[in-house]
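Engineer: Predicted model, plus sequence, below.
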Amino acid sequence: MSIHYGKAEIGVYRTDGVSSLFAAEVTLDVFGENFMPAYTEGDNSLVVATDTMKNFVHANALDYSGESLEGLLDLLGERFLRTYEHVERIRLGAREIPFERKSGVLFQRRYEDTGVAELELGREGVVDRRSGREGVHLIKITGSSFTRFARDDYTTLPETVDRPLFIHLNVHWRYLDEAGPVPSTEVRDSVAETFDDFNSKSIQHLVHEMGRRLLDRFPAIAELSFEAQNRLWDTAQVSKADERVKIYTDPHPPYGMIGLTLRR
């Protein structure tokens with residue numbers, strides 16, 4: 001039997017009351033055989049209530065003055081294991097809540113791609129650590145193709161020598177020897193630059209080039225993983241005067257999915 005429990009989506013908004021704002025959503029999971037009696041016997045004597053976890057995160061986030069999700073998770077993880085000695089292992093996750101600074105004291109909430117971080121920590125030290133950028137949505141109106149793919153009796157998709165391409169993309173990475181962190185916005189910007197100037201023959205071709213350039217640009221990154229979906233809109237109307245002019249509508253599922261992991 002494998003067990004764990006925790007608290008999800010703990011909102012953390014830290015400000016100095018003058019000009020700074022750090023916002024994130026934290027998830028905390030605990031693991032260990034010491035919690036087994038709660039499952040098998042209803043004995044809650046060692047159960048740290050999930051409401052207590054929420055209060056712990058808020059109280060300790062007060063001491064965090066950094067700006068990275070990774071730094072926040074390091075602080076929370078080390079302090080949680082020190083506080084609760086019967087916990088064998090914890091898994092922490094953090095997701096950026098994006099705000100754009102509009103003035104010295106004004107921020108605007110943004111609903112866009114977000115930075116993420118994950119930390120798994122045991123009594124022996126760091127078990128796993130991963131950072132990422134999720135929810136990147138990019139549209140390119142020309143400069144992509146998909147031709148010469150396998151064809152058989154089930155194939156109806158026509159070849160396309162130049163097409164618009166709209167992708168939903170998540171990218172995650174791990175560091176060399178606890179190096180980092182690399183700002184996730186810089187990873188996102190590099191991915192967008194590659195999408196802009198690279199004439200891809202498929203989404204597989206595209207994400208490989210994105211990964212190759214990221215490894216060249218960021219020597220601290222040891223491993224990259226991509227999860228991409230083809231979300232190109234459905235064609236609704238084509239101009240009779242110029243066939244390049246089209247009206248599109250939102251696509252319907254299913255969506256194509258592409259995955260890739262690259263290591264140094």
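Structural biologist: In hand now; what should we look at?
Engineer: From now on I want contacts and neighbour counts done on CA atoms only, so please keep to that.
Structural biologist: Noted.
Engineer: Quick one: the strands in the stretch 51-200 of the chain, in order.
Structural biologist: Listed in chain order, the strands of the stretch 51-200 of the chain (DSSP state E, counting those that start in this stretch) span 89-96, 99-101, 107-109, 114-122, 125-146, 160-175.
Engineer: Now the ones you listed in TSV, please, with extra columns for distance to Phe198.
Structural biologist: Output for these, formatted as TSV (distance: least, C-alpha to C-alpha, whole Å):
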stretch	distance to Phe198
strand 89-96	29
strand 99-101	29
strand 107-109	32
strand 114-122	24
strand 125-146	7
strand 160-175	12
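Engineer: Rebuild these as CSV, extending it with mean neighbour count.
Structural biologist: Formatted as CSV, these follow (neighbours: other C-alpha atoms under 10 Å):
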stretch, mean neighbour count
strand 89-96, 23
strand 99-101, 14
strand 107-109, 12
strand 114-122, 22
strand 125-146, 17
strand 160-175, 19
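Engineer: distance of Cys123 from Gly32?
Structural biologist: Slight slip there: residue 123 is Arg, not Cys. Separation of Arg123 from Gly32 (C-alpha to C-alpha, to the nearest Å): 11 Å.
Engineer: residues shared between the contacts of the two?
Structural biologist: Jointly contacting Arg123 and Gly32 under the rule C-alpha atoms under 8 Å, 6 or more residues apart in numbering are Glu88, Arg89.
Engineer: can you tell which of the strands of the stretch 51-200 of the chain is closest to Glu70?
Structural biologist: For Glu70, the closest of those is strand 114-122, at 5.9 Å, according to C-alpha to C-alpha.
Engineer: Centre of the chain to the closest one, how far?
Structural biologist: Distance of strand 114-122 from its chain centroid, counting by C-alpha atoms, centre = their mean, to the nearest Å, is 10 Å.
Engineer: partners of it in the sheet?
Structural biologist: Strand 114-122 pairs in its sheet with strand 89-96 (antiparallel), strand 125-146 (antiparallel), by DSSP bridges.
Engineer: Excluding chain neighbours, what is closest to Glu120?
Structural biologist: In this structure, Glu120 finds its nearest non-sequential neighbour in Arg91, 4.3 Å apart by C-alpha to C-alpha, 6 or more residues apart in numbering.
Engineer: Show me what that neighbour bridges to in the sheet.
Structural biologist: Arg91 has the following beta-bridge partners by DSSP bridges: Asp29, Glu120.
Engineer: Test my guess that it contacts Glu118.
Structural biologist: Yes: Arg91 lies in contact with Glu118 (C-alpha atoms under 8 Å); the separation is 7.4 Å.
Engineer: what is in contact with the two at once?
Structural biologist: Going by C-alpha under 8 Å, 6+ apart, no residue sits against Arg91 while also sitting against Glu118.
Engineer: looking at the sheet around Asn170, what are its partners?
Structural biologist: Applying DSSP bridges to Asn170 gives these bridge partners: Glu227.
Engineer: contacting residues for it?
Structural biologist: Applying C-alpha under 8 Å, 6+ apart, the residues near Asn170 are Gly132, Arg133, Glu134, Gly135, Val136, Phe226, Glu227, Ala228.
Engineer: nearest to Leu260, of those residues?
Structural biologist: Nearest to Leu260 among the contacts of Asn170, with distances taken as C-alpha to C-alpha, is Phe226, at 5.1 Å.
Engineer: From Leu206, how far off is Leu262?
Structural biologist: Distance of Leu262 to Leu206, given as C-alpha to C-alpha: 13 Å.
Engineer: er, His252 I mean
Structural biologist: His252 is 23 Å from Leu206, by C-alpha to C-alpha.
Engineer: Show me which of these two is the more surrounded one.
Structural biologist: Neighbour comparison, His252 and Leu206: the larger count goes to Leu206, with 17 against 10 (by other C-alpha atoms under 10 Å).
Engineer: Surely the more buried one touches Asp197?
Structural biologist: No: the criterion here is C-alpha under 8 Å, and Leu206 misses it with Asp197 at 10.6 Å.
Engineer: circling back to that earlier point, turn the contacts of Asn170 into a markdown table, columns for pLDDT and distance to Val238.
Structural biologist: Formatted as a markdown table, those follow (pLDDT from 0 to 100; distance: C-alpha to C-alpha, whole Å):
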| residue | pLDDT | distance to Val238 |
| --- | --- | --- |
| Gly132 | 98 | 38 |
| Arg133 | 98 | 35 |
| Glu134 | 98 | 33 |
| Gly135 | 97 | 30 |
| Val136 | 98 | 28 |
| Phe226 | 98 | 33 |
| Glu227 | 98 | 31 |
| Ala228 | 97 | 27 |
